[in-house]
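Participant: how would this look folded up:
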Amino acid sequence: MLTLLLVALTVQVAAWLFIFYRALDPAPGPASHEQPVSVLVCFHNEAATLEACLRSILTQRHSAFELLAVDDNSTDGSGDIAAKLAGEDDRLRIIDPGDTNPGKRDALRAGLRAANHDIVLLTDADCIAASDEWLTRMTAPLAQSDEVVLGCAPLRGGRSLLAAWQRYEATHVALHYQGLARRGYPYMAVGRNLAYQRTFFRRAGGFPGPDNLPGGDDDLIVGYYSRARTTARVTEPAAWTFSTPVPTLVGYIKQKLRHQSVGLHYRGAHQALLVGLALSHGLFYLTGFFLLFTAVWKWALLAYALRALVVAATFWRKPVRQFLGGDAGVLFFLKLPMILVFDLLYSWHYVFLLTASFSSSKSW
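Facilitator: Reported below is the predicted structural model:
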């Protein structure tokens, strides 16, 4: 069992040092351009957040862009909110996708068909742009030779333990997909902040996987069709989008069921890599726990200490601290124990994620 612990430790330390440690470091590349952009927001019953989202986009400083708001059969007055704003600003157009299948794909397709420009920037109706430079910074690499841009979308707000957990989880996910993309292995994206050329979408032939998936369209098209040499990363805080954590446990579980139902449709190589990372994480804690009650307990403690040091060092770095919430100095030092506890809990969280992958949920 000690051998198993050491193998898991080796995999974990290697992953944290070579994939996650610099995952959110700013990537070199252009920060500005003048090409026109189509910003696409699909919404379904988002009356509580839609106006703030659209206004944060309409205040962008980019010289030429259109905003397409795709109303996917909302019944809560969201369409009226969007129509009111469209009457105030002719850059905003409302798109009616007609009758749609469960999930988001038909709305996305309708928006992409209606777009007038080759560069498309996607975000969600519950997101707010972090700055008025968001649009320009996120799409600047596409004005060069890149096809896809992976952005960042941290969570903000909420004082509950559940909110803190979701902020940690969002950071953990960002370390994975940004870190692996940095190493030349893009496998997913978050639709809250993603840009690509329409030629990329046409080359992909649309979204892979079943049409009635409730989510994961961004994961699958990036995982199946993006190329390392034409996939850019934009991680500067000015190019982020913010959304708020789900306030209730029931709502959080529903969200995870929706998101994780796409997991079984990932490419086999991507599934194998992610399962390997998850398995090493879980086995590290499981074998270490049992070894604490044996004659080699000191080795288990040493392994725990070494991995905790690497994890803490990663979260202590400024880009990761900013993503997690921006605390620094003593305030962040006081949060480190909670982060390490969350890291332990995440090893069990993988079991929930695996179960959620088999979810049959088909709604937004």
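Participant: The residue lying farthest from the centre of the chain and Met1, how far apart?
Facilitator: The C-alpha centroid of the chain is most remote from Ala295, which lies 42.8 Å away (CA atoms, centre = their mean). The gap separating Ala295 from Met1 is 12 Å, by CB to CB, to the nearest Å. The C-beta positions use only the backbone N, C-alpha and C, and glycine is treated the same way.
Participant: Isn't Thr199 up against Val148?
Facilitator: No - between Thr199 and Val148 there is no contact under CB atoms under 8 Å: 10.9 Å.
Participant: can you map out the strands along the stretch 51-200 of the chain?
Facilitator: Applying DSSP state E, counting those that start in this stretch to the stretch 51-200 of the chain gives strands spanning 65-71, 92-95, 119-124, 128-129, 148-150, 194-197.
Participant: between these, which one is nearest to Gly157?
Facilitator: strand 128-129 (10.4 Å; CB to CB).
Participant: in its sheet, what does the closest one sit against?
Facilitator: strand 241-242 (antiparallel) (DSSP bridges).
Participant: what about the strand it pairs with, average pLDDT?
Facilitator: Summarised as a single mean, pLDDT over strand 241-242 is 98.
Participant: Then stretch 297-306?
Facilitator: Mean predicted lDDT for stretch 297-306 stands at 96.
Participant: swap in stretch 78-90?
Facilitator: Per-residue scores along stretch 78-90 average to 96.
Participant: With neighbour numbers in mind, choose between Thr199 and Val148.
Facilitator: Using other CB atoms under 10 Å as the criterion, Thr199 and Val148 rank with Val148 on top: 25 against 10.
Participant: Show me what that one bridges to in the sheet.
Facilitator: In beta-bridge terms (that is, DSSP bridges), Val148 pairs with Tyr196, Thr231.
Participant: what's near enough to touch it?
Facilitator: By CB atoms under 8 Å, 6 or more residues apart in numbering, the residues touching Val148 are Pro186, Ala189, Leu194, Ala195, Tyr196, Gln197, Phe200, Val222, Ser226, Thr230, Thr231, Ala232.
Participant: Report the separation between it and Tyr168.
Facilitator: Distance from Val148 to Tyr168, by CB to CB: 27 Å.
Participant: cool, Leu121 as well?
Facilitator: Separation of Leu121 from Tyr168 (CB to CB) stands at 27 Å.
Participant: And these two? Which one has more around it.
Facilitator: Of the pair Leu121 and Tyr168, Leu121 is the one with more neighbours under other CB under 10 Å, namely 27 against 22.
Participant: quick one: the helices in the stretch 101-250 of the chain?
Facilitator: Using DSSP state H, counting those that start in this stretch, the helices of the stretch 101-250 of the chain run over residues 105-114, 134-139, 161-182, 198-204, 217-225, 249-260.
Participant: Out of the ones you listed, which one sits most buried?
Facilitator: helix 134-139 (a mean of 28; mean count of other CB atoms under 10 Å).
Participant: which helices and strands does it pack with?
Facilitator: strand 37-43, strand 119-124 (3 or more CB pairs under 8 Å, 6 or more residues apart in numbering; DSSP states H and E).
Participant: who are the neighbours of the last one, in terms of helices and strands?
Facilitator: Right, the one you point to is strand 119-124. Checking 3+ CB pairs under 8 Å, 6+ apart, strand 119-124 ends up next to strand 37-43, helix 50-58, helix 134-139, strand 194-197, helix 198-204.
Participant: Could you do the longest one as well?
Facilitator: The helices and strands touching strand 37-43, judged by 3+ CB pairs under 8 Å, 6+ apart, are helix 50-58, strand 65-71, helix 105-114, strand 119-124, helix 134-139.
Participant: partner strands of the second one, parallel or antiparallel?
Facilitator: Next to strand 65-71 in the sheet, as set by DSSP bridges, lie strand 37-43 (parallel), strand 92-95 (parallel).
Participant: Arg109 and Val250, how far apart?
Facilitator: Taking CB to CB, one finds Arg109 at 31 Å from Val250.
Participant: what do you get for Asp96?
Facilitator: From Asp96 over to Val250 (counting by CB to CB), the distance is 31 Å.
Participant: re earlier: take the contacts of Val148 and lay them out in CSV including pLDDT.
Facilitator: CSV is the format used below for the contacts of Val148 (pLDDT from 0 to 100):
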residue, pLDDT
Pro186, 95
Ala189, 93
Leu194, 97
Ala195, 97
Tyr196, 96
Gln197, 95
Phe200, 92
Val222, 90
Ser226, 91
Thr230, 93
Thr231, 96
Ala232, 96
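Participant: returning to that earlier point: winner for burial among the helices and strands packed on helix 134-139?
Facilitator: Most buried of those, by mean neighbour count (mean count of other CB under 10 Å): strand 37-43, with a mean of 26.
Participant: Now do it, average pLDDT.
Facilitator: 97.
Participant: what distance separates that strand from the centre of its chain?
Facilitator: 17 Å (CA atoms, centre = their mean, to the nearest Å).
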